[in-house]
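Undergrad: need a structure here:
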Amino acid sequence: MTKRCGWVGAEDIYRDYHDYEWGVPEYDSRALWEKLILDGFQAGLSWITILKKREGFRQAFEGFDPNIIAMWGAEDVARLVQDTRIIRHRGKIEATIGNARAWQAIEAEEGFAKWVWSYVGGAPIQSRFATAADVPTSTEISLKLSKDLKKRGFKFCGPTIVYAFMEAVGMVNDHVLTCSAHDRTAAMAVDAPDWSKI
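TA: Numbering: from 1, shown residues only. I've put the predicted structure just below:
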């Protein structure tokens, strides 16, 4: 029988996300940016709401290509606030455009993936929490990354949002010890890139 973390809902889309995506180390710069943006849109909402709209988001935001989104302006914001496929929050939409430009700057300087992963030493932190109640909602690392993202021009990236992002992209393995995905996810840490060669 598959054992899962306590936050997982009964819907298949939720279970699949937990089993095959959440906590799996992600090293692609664009994919990392997409997840950070979606976590920003989640603020004040449940993750299942975002998960159900994720494909709509991907369509509306051109596959979350930051190089395309960085060129958008007021007309695009006006179009998107009418788009029922996404969360129609003007502030978050405008922030996404600014976040795309901020991503471009970091990507050009040192690579967004390399920069983000440097906050955990380039490889996943392996947590060993017994229950969901033991899992923090933010840490000193997420606070530091949040502050630095904001300094670089990002919005909707508070320490709690950033920690949720870190969990989702595998920077920290927060599957609880009784979860079937804990050990499987931990084993993926050996595939961390040699950042010195990137």
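
Undergrad: For the rest of this, base every contact and every neighbour count on C-alpha atoms.
TA: OK.

Undergrad: What mean pLDDT does the strand or helix carrying Glu107 get?
TA: Here Glu107 is covered by helix 90-109, with elements defined by DSSP states H and E. For helix 90-109, the mean per-residue pLDDT is 98.

Undergrad: helices or strands up against that helix?
TA: Secondary structure elements in contact with helix 90-109, counted by 3 or more Cα pairs under 8 Å, 6 or more residues apart in numbering; DSSP states H and E, are helix 29-42, helix 66-69, helix 74-80, helix 112-117.

Undergrad: Could you save the ones you listed as CSV and add columns showing mean neighbour count?
TA: Below are the helices and strands packed on helix 90-109 laid out as CSV (neighbours: other Cα atoms under 10 Å):
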stretch, mean neighbour count
helix 29-42, 21
helix 66-69, 18
helix 74-80, 14
helix 112-117, 20
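
Undergrad: Out of the ones you listed, the one nearest Thr160 is which?
TA: Relative to Thr160, the nearest member of these by Cα to Cα is helix 29-42, separated by 9.7 Å.

Undergrad: Which residues does the closest one contact?
TA: 26, 49-50, 64-66, 87, 92, 96, 103, 107, 111-113, 156-157, 161-162, 164-165, 168-169 (Cα atoms under 8 Å, 6 or more residues apart in numbering).

Undergrad: same check, this time on stretch 123-132
TA: Identification of contacts with stretch 123-132 by Cα under 8 Å, 6+ apart yields 5-7, 25, 117, 135, 170-178, 186, 189, 192.

Undergrad: Please pick the buried ones from these.
TA: Buried positions within the contacts of stretch 123-132, assessed by neighbour count (16 or more other Cα atoms under 10 Å), are 5, 25, 117, 170-178, 186, 189.

Undergrad: Need the max-distance pair from these.
TA: Maximum pairwise distance in the buried ones among the contacts of stretch 123-132, criterion Cα to Cα, is 26.5 Å, between Trp117 and Thr178.

Undergrad: quick one on the thing from earlier: the contacts of helix 29-42, buried ones only, as a ChimeraX selection?
TA: Selection of the buried residues among the contacts of helix 29-42 in ChimeraX, burial being defined by 16+ other Cα under 10 Å:
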select :26,50,64,66,87,92,96,103,107,111,112,113,156,157,161,162,164,165,168,169
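
Undergrad: ok, back up a step: dump the helices and strands packed on helix 90-109 to JSON lines, plus distance to Thr139 and mean pLDDT.
TA: Rendered in JSON lines, the data for the helices and strands packed on helix 90-109 read as follows (distance: least, Cα to Cα, whole Å; pLDDT from 0 to 100):
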{"stretch": "helix 29-42", "distance to Thr139": "17", "mean pLDDT": "97"}
{"stretch": "helix 66-69", "distance to Thr139": "27", "mean pLDDT": "98"}
{"stretch": "helix 74-80", "distance to Thr139": "33", "mean pLDDT": "98"}
{"stretch": "helix 112-117", "distance to Thr139": "15", "mean pLDDT": "98"}
